[in-house]
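*Asks:* Predicted model and sequence follow; I will ask about them next.
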Amino acid sequence: MLLGLNQNSCKNLTTPKFIKKAKRFQGIELNFEKINNEISDDLSLANLLEYLEMYNTKLINLYQLEDFSLCSDREFKTTIIPTLRKLIYYCYNLECDLITITPSFESRDIPKWRIIRKTENRLKEIIKIAYREDIRIGFEFISQPDSSIKNLSETKNLLSSFTHQENLGYVLDTYHLGKTNEEFENIIDIIGDIYLIQLSDLINTLEDTKDSPEIRKRIFPGEGEFNFKKFLNLTKKYRYKDFFSIELNQNKCQIDYYKKFLKLNSPP
């Protein structure tokens, strides 16, 4: 099992300190916005690559390109595409080949067919640019009520138009799979197109409100209601071979996440 750690799990740490903290993991996911804010005369992309090499850690995902699907055409051209190109530049310098993208949030009542069509058109432009640089694009649905693509079924419907596109696939988050009560068997037919599975547990009795945001409801894999034993057995049975990555939303990173995960999720 290839196990990684998402930078959101240790928000208080600088990127170099996070890389050191995650040294037991085979890979890590890094937050583009955080890196972008940290890059300076004292910290370059070359320095970060040296840290990765020092701890023999692979950068498995650079996240994320947000709100690309329903923004205005002007914003897409002047903000989204330049941000994508910068993400690709960072990937090139950090030897990473995966960028995660997430759909727009939309409170208006827009017909689903129109959302799918516009998202498809935007995806075509994004994957065309990424393909030239050998970068894979991983689409991740978000289960929040105002997300324009909020479950696996809608995601499959969207990506079905790209069945022969070799650099577009799925990034699945067990938090969102759990929130939508997804049947695990529904991932079997796409197992070969899943680029990354992010691991986070949840308690479904907590609702998405301002007083109880997602940031406080993501809990450590194996400590909530998600059936990780069944899920991991299924991914093994159908030969999922890419990375799993623990994604929490925590400011402090005080425990050994690697050891804790193995203890909670290893066979007795």
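*Replies:* Arrived safely, thanks for sending.
*Asks:* The chain: helices as residue ranges?
*Replies:* 15-21, 32-38, 45-54, 73-75, 81-94, 112-132, 152-159, 174-179, 214-217, 228-237, 257-265 (DSSP state H).
*Asks:* Now do the fourth one, average pLDDT.
*Replies:* Which is helix 73-75. Here helix 73-75 scores 96 as its mean pLDDT.
*Asks:* My read is that residue 20 contacts residue 51, right?
*Replies:* Yes: here residue 20 reaches residue 51: they are 7.3 Å apart, a contact under C-beta atoms under 8 Å. (Each C-beta comes from the backbone N, C-alpha and C, glycine too.)
*Asks:* who has more neighbours, these two?
*Replies:* Using other C-beta atoms under 10 Å as the criterion, residue 20 and residue 51 rank with residue 51 on top: 17 against 14.
*Asks:* Can you report how many residues neighbour the residue nearest to that one when sequence neighbours are not counted?
*Replies:* What sits nearest to residue 51 in space, not counting adjacent residues and going by C-beta to C-beta, 6 or more residues apart in numbering, is residue 19, at 4.6 Å. Neighbour count of residue 19, defined by other C-beta under 10 Å: 23.
*Asks:* Report the separation between residue 19 and residue 28.
*Replies:* To residue 28, residue 19 is 7 Å away according to C-beta to C-beta, to the nearest Å.
*Asks:* Between these two, which contacts overlap?
*Replies:* Counting by C-beta atoms under 8 Å, 6 or more residues apart in numbering, the residues touching both residue 19 and residue 28 are residue 57.
*Asks:* strand partners of the longest strand along the chain, parallel vs antiparallel please.
*Replies:* Longest among the strand segments of the chain by residue count, using DSSP state E, is strand 58-65. If you go by DSSP bridges, strand 58-65 pairs up with strand 27-31 (parallel), strand 98-101 (parallel).
*Asks:* hang on, residue 9 packs against residue 248?
*Replies:* Yes: Residue 9 lies in contact with residue 248 (C-beta under 8 Å); the separation is 4.2 Å.
*Asks:* For these two, indicate the residue with more neighbours.
*Replies:* Neighbour comparison, residue 9 and residue 248: the larger count goes to residue 9, with 25 against 21 (by other C-beta under 10 Å).
*Asks:* got the contact list for that one?
*Replies:* 246, 247, 248, 249, 250, 253, 257.
*Asks:* I'd like to know which of those is nearest to residue 56.
*Replies:* Set against residue 56, the nearest of these by C-beta to C-beta is residue 257 (17.5 Å).
*Asks:* and the closest one, how many residues sit next to it?
*Replies:* 23.
*Asks:* Please apply the same query to residue 38.
*Replies:* Counted with other C-beta under 10 Å, the neighbours of residue 38 add up to 14.
*Asks:* How about it, nearest residue that isn't a chain neighbour?
*Replies:* Nearest residue to residue 38, sequence neighbours excluded (C-beta to C-beta, 6+ apart): residue 15, at 5.6 Å.
*Asks:* Kindly report the same for residue 25.
*Replies:* residue 5 (4.8 Å).
*Asks:* same check, this time on residue 229
*Replies:* Closest to residue 229 by C-beta to C-beta, 6+ apart is residue 265, at 7.2 Å.
*Asks:* wait, what's in contact with that neighbour?
*Replies:* Neighbour list for residue 265: 221, 222, 228, 229, 232 [criterion: C-beta under 8 Å, 6+ apart].
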